[in-house]
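> how would this look folded up:
(chains A and B)
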Amino acid sequence: NAGVTQTPKFQVLKTGQSMTLQCAQDMNHNSMYWYRQDPGMGLRLIYYSASEGTTDKGEVPNGYNVSRLNKREFSLRLESAAPSQTSVYFCASSEALRGPQETQYFGPGTRLLVL
Amino acid sequence: QKEVEQDPGPLSVPEGAIVSLNCTYSNSAFQYFMWYRQYSRKGPELLMYTYSSGNKEDGRFTAQVDKSSKYISLFIRDSQPSDSATYLCAPRMDSSYKLIFGSGTRLLVRP
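Numbering: from 1, shown residues only, chains lettered A, B, ... in the order given. Alright, predicted model coming up:
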């Protein structure tokens, strides 16, 4: 039982390049999330998916797109990377979107540097 | 003004000390109060949570919420070097999925 896994662990991009961050969970959770973590800012929600087939914007969605490929996988795409997107990206999952079982479990993160 | 404020630290204490970590928040609608622990270069993990006001104890950890003053605390008794990490508070409303994370307090427990 690996929990939440993310690939890659670290990536360097040039401005304007695109890339997809991958996330998978093996806990049979319905809801999945993408966050970014910047110094002094805490974790901020980029996008979330309440269930397979649905996605919604979070607090900071500009410059990102997501795909909920199936119940296990939730990917985050940067179409044209900018230096402001340099950050640590975390994927998380929870059993449900709301209710007592909504504890979010986090992956190990992807460190992204945009030059 | 941020919805959730935390002193970034670092807070450095000797092993065995009692540690107090604190958050203040502005939204009186918050009902669930989570504490996450994040080790260096790792993802956050849920440590414990409380619902509404009061105390909750789990081993060496006690979470306390005072809704009248919008103040959240996490106490660690008999602190250990393995407690060295960043502690994030994250309250949320009863009707919402959304966690509002503080920026975290870095704790260093010296052997």
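
> Now do B:Pro10: how many residues are near it, please.
11 (other Cβ atoms under 10 Å in any protein chain shown). Any C-beta I mention is one placed from the backbone N, CA and C, and that applies to glycine too.

> name the element the residue nearest to it when sequence neighbours are not counted belongs to?
Of all residues not flanking B:Pro10 in the chain, B:Arg106 sits nearest, at 4.2 Å (Cβ to Cβ, 6 or more residues apart in numbering or on different chains). Taking DSSP states H and E as the criterion, B:Arg106 maps to strand B:105-110.

> Direction included, what does that strand pair against?
strand B:11-14 (parallel), strand B:85-93 (antiparallel) (DSSP bridges).

> Other residues contacting the shortest one?
If you take Cβ atoms under 8 Å, 6 or more residues apart in numbering or on different chains as the criterion, strand B:11-14 is touched by B:19, B:21, B:79, B:105-110.

> tell me which of those is nearest to A:Pro83?
Here the nearest of the contacts of strand B:11-14 to A:Pro83, counting by Cβ to Cβ, is B:Arg106; it sits at 25.4 Å.

> Please list all residues in contact with that closest one.
Per Cβ under 8 Å, 6+ apart, neighbours of B:Arg106: B:8-11, B:85-86.

> Any of the residues you listed buried? List them.
Taking 16 or more other Cβ atoms under 10 Å in any protein chain shown as the criterion, what is buried in the contacts of B:Arg106 is B:11, B:85-86.

> how far away is A:Arg68 from chain B?
15 Å (Cβ to the nearest Cβ, to the nearest Å).

> Find the closest residue to chain A in chain B.
Proximity to chain A, evaluated over chain B using Cβ to the nearest Cβ, is greatest for B:Gly43 at 3.4 Å.

> thinking again about what came up before, pull up the per-residue confidence for the residue nearest to B:Pro10.
Per-residue confidence (pLDDT) for B:Arg106: 95.

> Repeat that for A:Phe10.
In this model, A:Phe10 is scored at 97, pLDDT.

> How about B:Pro81?
B:Pro81 is assigned 97 on the pLDDT scale.

> number of nearby residues for it?
Neighbourhood size, B:Pro81 [other Cβ under 10 Å]: 10.

> Dihedrals phi and psi, it?
The phi/psi pair for B:Pro81 (degrees, to the nearest 10) reads phi -50, psi -30.

> Is it in contact with B:Ala17, as I believe?
No - with contact defined as Cβ atoms under 8 Å, B:Pro81 does not reach B:Ala17; the gap is 11.5 Å.

> Report the separation between the residue of chain B closest to chain A and B:Leu74.
When distance is defined by Cβ to Cβ, to the nearest Å, B:Gly43 is 19 Å away from B:Leu74.

> returning to what we had before: for the residue nearest to B:Pro10, list each beta-bridge partner.
Bridge pairing for B:Arg106 (DSSP bridges) gives the partners B:Thr86.

> And A:Lys57, by the same measure?
A:Lys57 has the following beta-bridge partners by DSSP bridges: A:Tyr47.
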